[in-house]
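Participant: next one to model:
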Amino acid sequence: MNVDNELEDKCQETIKQLCEKYQNNLYMLNRINNHINNYLPNTLDNECKNYEKRVDRNNLLTNEQRIFVQVFLSKNQYYFLSNNNNSSFYEYNGKNYKIVKEDDILFKLLTSISKDKPLVQWKHKTKINIIKKIKERNLLKSIPETYTIQNVLNFLCPAIFSTKNQAKYFLTAIGDNILKKNTENIFLISQNTKKLLCEIDNIAYVNIGNSNTINNFMTKYHENHNYENCRLIKTNENFSIELFKEAIKAIGLDLLVVASHYSNRHQNSDNFIETKSDEDLKNYAFFLKNNTQNAIVDKFMNQCIEKVGENSENSFAIQWKNMHFVWKQFIHSLTLPNMIYSTTLKNLLKEKLEYNEETDMFINVTSKYLPVISDFTNFWETTIQVVNNEEFDDEMEIDEICLLFKIWCNKNSKSVFSNGNLREKDVLNILQHFFPNVEVLDNKYILNIQCALWDKKKDIQYTLDILKLQAKAKYDFSNETDMNPLIEFEEAYNFYILFQTQNPDKLTGDWLVIVSKRYFEKYLYAFLSDYIMYDNFISSDWYLV
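Facilitator: Got it, this is the predicted structure:
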């Protein structure tokens, strides 16, 4: 029996029971008859009409509300994110994402509803419905427009990453962390990249309440790390995070959403590499995953070490300290992290090469990288002197060292392989490895040293003596009306350059070696302090003495 039949039977049963109850009461039977036949039909007709009106009205408002909600959420892209630290609403204008207050959404929503007269009756109900739907729209599942994606990629590339694929891989890895994927992976990065990631991590905590954005990004390999889980991310060497801080803050939320989008779109960063990256990126990102320690050491030996037969006319050997430096040059040239501890590396090489424990040398091997290293250490040990002068903090610049080394090699190098050409970063690497006690400032200035090839202070002082004589002879001091002009620092420095150009130093020969303006002025402040006026002028009292 269906519901309709049950209701009909129930109604009939009720009337039957009433009639049976009052079967001996004529008055009540008349009343029952009057209600059923006179009042009930009209009452039911009226109720039926009212019900149909309510249904029509409800259908009208329901349809009106459905259209309003659809249009409102289409024109106003609001999203929501809730976690332990943060519950926020977000708005996307097709270009940028931003955090928005719920009150601002409600104001805009209620203002829009007020313009829709039929829906005003359901204002509260519509408001609750829309807020509920917004809370169902997860920010991290939103799909950013092409403008937003390209804006983020253009921020990262080419300033920080050489290619857009490298930037996309980086973003996908961040997205994996935000969405808690591939948590077993370890991403090895440079110190500079770590600074960038710290900025992104702060933005993620403030904007989306995520505190686990960079936990698996490491600047150093640890022996507990499994190569299978290690991934490499390459960034440009010389980008300055200080130049990007404000820009990162402005674009930060967009970057996080794009990162999540890439993670959702490509499943995870490993899948991105497998399906979307070029071979160069794939080989680099998966370098540790696809190699063992033995395989990497073999690559090093094939590229950097040459075995020499025992019957060779010349005896060749490489000290462990030098071998370790060549290893560092090898991984640096490939932009690889130091993924093998020095003790492990040494033991692996001892298994593959002849080794003398007493001399700590590998026998019957040489390297194309060693002559210039040997020359530089010889140059340093024979020409560089550490000085501690309380009167003046001496220093040399890295580019000056490079030039002096080239001059030295021109006269002293015995190797046909060494022409003295070293880049500044090569010099820094050699100093850090072989002379770790040398104090280097800002990767540019080597403090408290002098070079026997070039006495910087002597050059400056000799030039100043000539300048002093010329200045003194230039003016007629017997004439009281003649002005005694000041000498500007820049004028003095230009005189120094001209004099050095016309009178090259005997030690450096035809090579022109000039101190920087910074060092020149530092010398003036130290030795002519009694004659300096207005910060960068030398008083006439100096050349009148």
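
Participant: helix, strand, or coil at the residue nearest the centre of the chain?
Facilitator: Centroid check for the chain by Cα atoms, centre = their mean gives Leu196 as the closest residue, at 2.8 Å. Of the three states, Leu196 takes helix under DSSP: H, G, I helix; E, B strand; the rest coil.

Participant: what sits up against stretch 7-24?
Facilitator: Outside stretch 7-24, the residues that touch it by Cβ atoms under 8 Å, 6 or more residues apart in numbering are 1, 28-29, 32, 36. All C-beta atoms are positioned from the backbone trio N, CA, C, and that covers glycine.

Participant: chain center to it, what's the gap?
Facilitator: How far stretch 7-24 lies from its chain's middle: 84 Å, per Cα atoms, centre = their mean, to the nearest Å.

Participant: next, the buried residues of it.
Facilitator: Buried residues in stretch 7-24, defined by neighbour count with 16 or more other Cβ atoms under 10 Å: Leu18.

Participant: same deal with stretch 369-385?
Facilitator: For stretch 369-385, using 16+ other Cβ under 10 Å, the buried residues are 369-377, 379-380, 383-384.

Participant: which of those residues fall in strands?
Facilitator: Per DSSP state E, strands hold the following members of the buried residues of stretch 369-385: Ile384.

Participant: okay, the buried residues of stretch 369-385 in JSON lines with pLDDT next?
Facilitator: Output for the buried residues of stretch 369-385, formatted as JSON lines (pLDDT from 0 to 100):
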{"residue": "Tyr369", "pLDDT": "79"}
{"residue": "Leu370", "pLDDT": "81"}
{"residue": "Pro371", "pLDDT": "78"}
{"residue": "Val372", "pLDDT": "82"}
{"residue": "Ile373", "pLDDT": "82"}
{"residue": "Ser374", "pLDDT": "82"}
{"residue": "Asp375", "pLDDT": "87"}
{"residue": "Phe376", "pLDDT": "89"}
{"residue": "Thr377", "pLDDT": "88"}
{"residue": "Phe379", "pLDDT": "92"}
{"residue": "Trp380", "pLDDT": "94"}
{"residue": "Thr383", "pLDDT": "94"}
{"residue": "Ile384", "pLDDT": "94"}
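
Participant: just the ones in helices from the buried residues of stretch 369-385, please.
Facilitator: Using DSSP state H, the members of the buried residues of stretch 369-385 that fall in helices are 370-377, 379-380, 383.

Participant: all helices for the stretch 201-350 of the chain, in order.
Facilitator: 241-266, 269-276, 279-285, 293-304, 320-333, 342-352 (DSSP state H, counting those that start in this stretch).

Participant: would you convert those into JSON lines that also reports distance to Gln70 and mean neighbour count?
Facilitator: Output for the helices of the stretch 201-350 of the chain, formatted as JSON lines (distance: least, Cβ to Cβ, whole Å; neighbours: other Cβ atoms under 10 Å):
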{"stretch": "helix 241-266", "distance to Gln70": "23", "mean neighbour count": "19"}
{"stretch": "helix 269-276", "distance to Gln70": "34", "mean neighbour count": "19"}
{"stretch": "helix 279-285", "distance to Gln70": "42", "mean neighbour count": "17"}
{"stretch": "helix 293-304", "distance to Gln70": "58", "mean neighbour count": "16"}
{"stretch": "helix 320-333", "distance to Gln70": "57", "mean neighbour count": "18"}
{"stretch": "helix 342-352", "distance to Gln70": "63", "mean neighbour count": "15"}
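
Participant: out of the ones you listed, nearest to Glu223?
Facilitator: Ranking those by their distance to Glu223 (criterion: Cβ to Cβ) puts helix 342-352 first, at 7.6 Å.

Participant: and whatever helix or strand comes next after the closest one, which strands flank it?
Facilitator: Using DSSP states H and E, the helix or strand that follows helix 342-352 towards the C-terminus is strand 354-356. Here strand 354-356 is paired, per DSSP bridges, with strand 361-363 (antiparallel).

Participant: surely the residue nearest to the centre of the chain touches Glu242?
Facilitator: No. Judged on Cβ atoms under 8 Å, Leu196 makes no contact with Glu242 at a distance of 10.9 Å.

Participant: any chance of the helices of the stretch 201-350 of the chain in CSV, plus mean pLDDT and distance to Thr148?
Facilitator: Listed next are the helices of the stretch 201-350 of the chain as CSV, based on pLDDT from 0 to 100; distance: least, Cβ to Cβ, whole Å:
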stretch, mean pLDDT, distance to Thr148
helix 241-266, 92, 5
helix 269-276, 94, 19
helix 279-285, 95, 23
helix 293-304, 94, 40
helix 320-333, 91, 36
helix 342-352, 95, 46
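
Participant: rebuild those as JSON lines, extending it with distance to Leu232.
Facilitator: Output for these, formatted as JSON lines (distance: least, Cβ to Cβ, whole Å):
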{"stretch": "helix 241-266", "distance to Leu232": "18"}
{"stretch": "helix 269-276", "distance to Leu232": "11"}
{"stretch": "helix 279-285", "distance to Leu232": "6"}
{"stretch": "helix 293-304", "distance to Leu232": "12"}
{"stretch": "helix 320-333", "distance to Leu232": "11"}
{"stretch": "helix 342-352", "distance to Leu232": "18"}
